[in-house]
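In: Give me a 3D structure for the following:
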Amino acid sequence: MHASGGPRPPVGTLTQIFFDAIDRYAKPNALQYKSSAAWQPISHKAVEQRARRVSLGLAALGVRRGDRVAILSENRPEWAMADYGCLTAGLTSVPIYPTLPAEQLPHILTDSGAAALFVSTAAQTEKVVSVREQLPALRHIISFTSPAAAGATTTFEELLARGQADETPETIAAWRRNALTVAPDDLATIIYTSGTTGAPKGVMLTHDNIASNVFASRTKIPFGGDDLELSFLPLSHIFQRMFDYLAWATGTTIAYAESIDAVPANMGEVRPTLMCAVPRFYEKVYARVLENALRGSALKKQIFHWARGAAARWSDTTLAGRTPSPWLAWQKRVAHKLVFSKLHQRVGGRVRFFVSGGAPLAPEINKFFHAAGLMILEGYGLTETSPVMTVNTPDHFRIGTVGKLIEGVEIQIAADGEILTRGPNVMKGYYNNPAATKEAVDAEGWFHTGDIGTLEDGYLRITDRKKDLIVTAGGKNVAPQPIENLAKTSKFVTEAVMIGDKRKYTILLIVPAYVHLEAWAKLNGITWSDRAQLIAAPGVHAKMELEVMGSLKGLASYETPKKIALLEHEFSIERGELTPSMKVKRRVIDRNYQAVIDAVYAEAPPAND
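Out: This next block holds a predicted model:
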């Protein structure tokens, strides 16, 4: 099965996109950040000036066109300025997740051969200093903080001053002229993949790889010209980074969240009109809405259930392409006023749409948001595809799918169900790794995604990861991700991982949402001193099993997990259980919790086994 998104977008570069936006918009608030309890604006012209001084400053340090420069930082204006400074100098930026532990830095910095490194804080600098002996190619460590953190060779402000010292009308004109000689096929960035199965690989993305994605995406997603985006996913991830390039290209103001924890407060302060996020964000918002509704009085609960039902009927009608009756439309307005207006206020009151990517979004959660009047445009892509391949749009919207192809992208479903793709967005290859490149991209240019999916009327539906498919001892193939997503629709569940490969039946490892479980335990007179004691307490396992199994609907018998096991702690990057982009490493989970898993399977088999 094959599908095409149509003719490819214009060939372009990120440097051209950068200058076009400056010339076209010249807004006083291209970027925003919070300082001294107030949101501070940075104009397009100021961003251009600082990017230029980064370029000239790096040149003064001896960093030359084609060199690699790494960025180890949380989202902030300096991240974008450093990136644009590198791009306009013909350098290749290498983003690094700020959550990575020190021992994972040498592989990225040595493999890429980074000549310079931007770091955000003293804590990030300390990580680099602790492995400095393993980084012989690294000549400069540039600290975003002033004074310089211990171990840094200079500060961002000092770098800007170096660049400013070299500014003349002639050098300014030459800088822009040289920046625009960057070619579409020049390497823009090397992004090291999260590595769910092995060491991270450096994905080489050219200017045109990403620019083509920006051009194609802006025709699919409606931008109003006066939009504001809250940027909070790591810019080291291609999803947020491309979305910020897209925001820049469309004159959308980019406000950088103070931190992940501050996102709820920041949404209320900057009142974004659009945001991109991973499913975990929507899961948390959904869980919070349920918590607030169901802990109220009996009347409050009754109103919530009525409003949810009315909104769901309205959603079903509109998604089917029909016009709601006047009576249903009136019910929807009342439901919004009584219940869903509070959700809109929680996300700032101005959101026109969300974009979801990075992992599958549970259809039940997407349906809830749609019924509440908040559209989540779910899309699909990988780092290797810059990243967008498909996306739902307001005009072509189907819950449970990741939308239709964007311009220039082709998809082919292989005989075993794997999704193959080809187009201008597909990477140049893996840096220093021709063997991995050959394995991932075949002779005809098809990139093998490793995902399993189907095409339905032009909409792509992802069913699972090829390597994640569980084959039970009975030979049944089980796709775990949709089942895990169903389990996480319960407010009592934070994480769910299915186990069962080569086993007689499947089970679920569950990390409870302890804030809800502990509240339930107190109401039921259960006492405990720590989480281990809580999950071992009589009645707790039965309660969690009731919640989990109650959320699993419409599954075949062989797909339905027969037992659950409760875990004390959330999965972590430090223990190797999560990638920096928060994807679960199933093999590591299986290994780390082997004793727990073995104990569950050692128990008496379920009655229906």
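In: got a list of what Thr193 touches?
Out: 200-201, 203, 383-384 (CB atoms under 8 Å, 6 or more residues apart in numbering). The C-beta positions use only the backbone N, C-alpha and C, and glycine is treated the same way.
In: do the same with Asn213
Out: 242, 385-388, 406, 425 are the contacts of Asn213 under CB under 8 Å, 6+ apart.
In: Now that we have the residues you listed, can you turn them into CSV and tack on secondary structure?
Out: Putting these into CSV (DSSP: H, G, I helix; E, B strand; the rest coil) gives the following:
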residue, secondary structure
Met242, helix
Thr385, helix
Ser386, coil
Pro387, coil
Val388, strand
Ile406, coil
Asn425, coil
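In: Which of the residues you listed sits closest to Lys522?
Out: Closest to Lys522 out of these is Pro387 (43.7 Å), distances taken as CB to CB.
In: who's in contact with the closest one?
Out: Going by CB under 8 Å, 6+ apart, Pro387 touches 213, 238-239, 242, 357, 381, 425.
In: let's see it at 6 Å
Out: With contact set as CB atoms under 6 Å, 6 or more residues apart in numbering, Pro387 has these partners: 238-239, 381.
In: The closest residue to it other than its chain neighbours: what's it in contact with?
Out: Leaving aside its sequence neighbours, Pro387 sits nearest to Gly381 (CB to CB, 6 or more residues apart in numbering; 3.4 Å). With contacts defined as CB under 6 Å, 6+ apart, Gly381 is in contact with 387-389.
In: can you check Ala287 too?
Out: By CB under 6 Å, 6+ apart, the residues touching Ala287 are Lys491.
In: do that again at 8 Å, thanks
Out: By CB under 8 Å, 6+ apart, Ala287 lies in contact with 491, 513, 516.
In: ok, of those, which one's closest to Pro101?
Out: The shortest gap between Pro101 and any of these belongs to Ala513, at 26.2 Å (CB to CB).
In: Was I right to think Arg346 contacts Ala265?
Out: No - counting by CB atoms under 8 Å, Ala265 is not a contact partner of Arg346; they are 10.6 Å apart.
In: and those two? which has more neighbours close in?
Out: Arg346 (16 against 13; other CB atoms under 10 Å).
In: give me phi/psi at that one?
Out: Backbone geometry at Arg346, expressed as degrees, to the nearest 10, gives phi -60, psi -30.
In: picking up where we left off before, now tabulate the contacts of Gly381 in TSV and tack on pLDDT and distance to Glu570.
Out: Below are these laid out as TSV (pLDDT from 0 to 100; distance: CB to CB, whole Å):
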residue	pLDDT	distance to Glu570
Pro387	97	26
Val388	98	29
Met389	98	30
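In: so where do the strands sit in the stretch 401-550 of the chain?
Out: Under the criterion DSSP state E, counting those that start in this stretch, the stretch 401-550 of the chain contains strands at 404-405, 410-413, 418-422, 429-430, 447-456, 459-465, 470-471, 477-478, 493-499, 507-512.
In: Of those, which is nearest Arg162?
Out: Among those, the nearest to Arg162 by CB to CB is strand 429-430 (34.1 Å).
In: avg pLDDT for the closest one?
Out: What strand 429-430 shows for mean pLDDT is 98.
In: can you list the residues that contact stretch 314-332?
Out: 310-311, 313, 335, 367, 370-371, 397-399.
In: what does stretch 409-417 give?
Out: Residues from elsewhere that reach stretch 409-417, judged by CB under 8 Å, 6+ apart: 1-5, 216, 385, 389-390, 405, 419-423, 425, 446, 448, 452-455, 460, 463, 466.
In: Can you say which of those residues are buried?
Out: 3, 5, 216, 385, 389-390, 405, 419-423, 425, 446, 448, 452-453, 455, 460, 463, 466 (16 or more other CB atoms under 10 Å).
In: So for the longest helix along the chain, mean pLDDT?
Out: The longest helix of the chain (DSSP state H) is helix 298-319. Throughout helix 298-319, pLDDT has a mean value of 96.
In: Can you list the buried residues in that helix?
Out: By neighbour count with 16+ other CB under 10 Å, helix 298-319 contains the buried residues 303-304, 307-308, 310-315, 317-318.
In: Could you tell me the phi and psi values at the residue nearest to Pro387?
Out: Torsion angles, degrees, to the nearest 10, at Gly381: phi 180, psi 180.
In: For it, give its distance to Ile597.
Out: Applying CB to CB, to the nearest Å, the value for Gly381 to Ile597 is 33 Å.
In: one step back: using CSV, please lay out the contacts of Gly381 together with distance to Asn485.
Out: Converted to CSV, those look like this (distance: CB to CB, whole Å):
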residue, distance to Asn485
Pro387, 20
Val388, 21
Met389, 20
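In: tell me which of these is nearest to Leu56?
Out: Pro387 (31.4 Å).
In: quick one: low-confidence ranges for the chain?
Out: Within the chain, the segments meeting pLDDT under 70 span 194-198, 607-609.
In: one more time with 80
Out: Filtered on pLDDT under 80, the chain yields the residue ranges 194-199, 467, 473-475, 477, 556, 581-582, 604-609.
In: Do you have the helices of the stretch 251-400 of the chain handy? List them.
Out: 263-270, 279-294, 298-319, 326-335, 341-346, 363-371 (DSSP state H, counting those that start in this stretch).
In: what sits against the residue nearest to Tyr514 when sequence neighbours are not counted?
Out: Using CB to CB, 6+ apart and skipping residues adjacent in sequence, the residue nearest Tyr514 is Arg531, 6.6 Å away. Arg531 makes contact with 514, 568-569, according to CB under 8 Å, 6+ apart.
In: mind running it again at 10 Å?
Out: 512, 514, 517-518, 566-569 (CB atoms under 10 Å, 6 or more residues apart in numbering).
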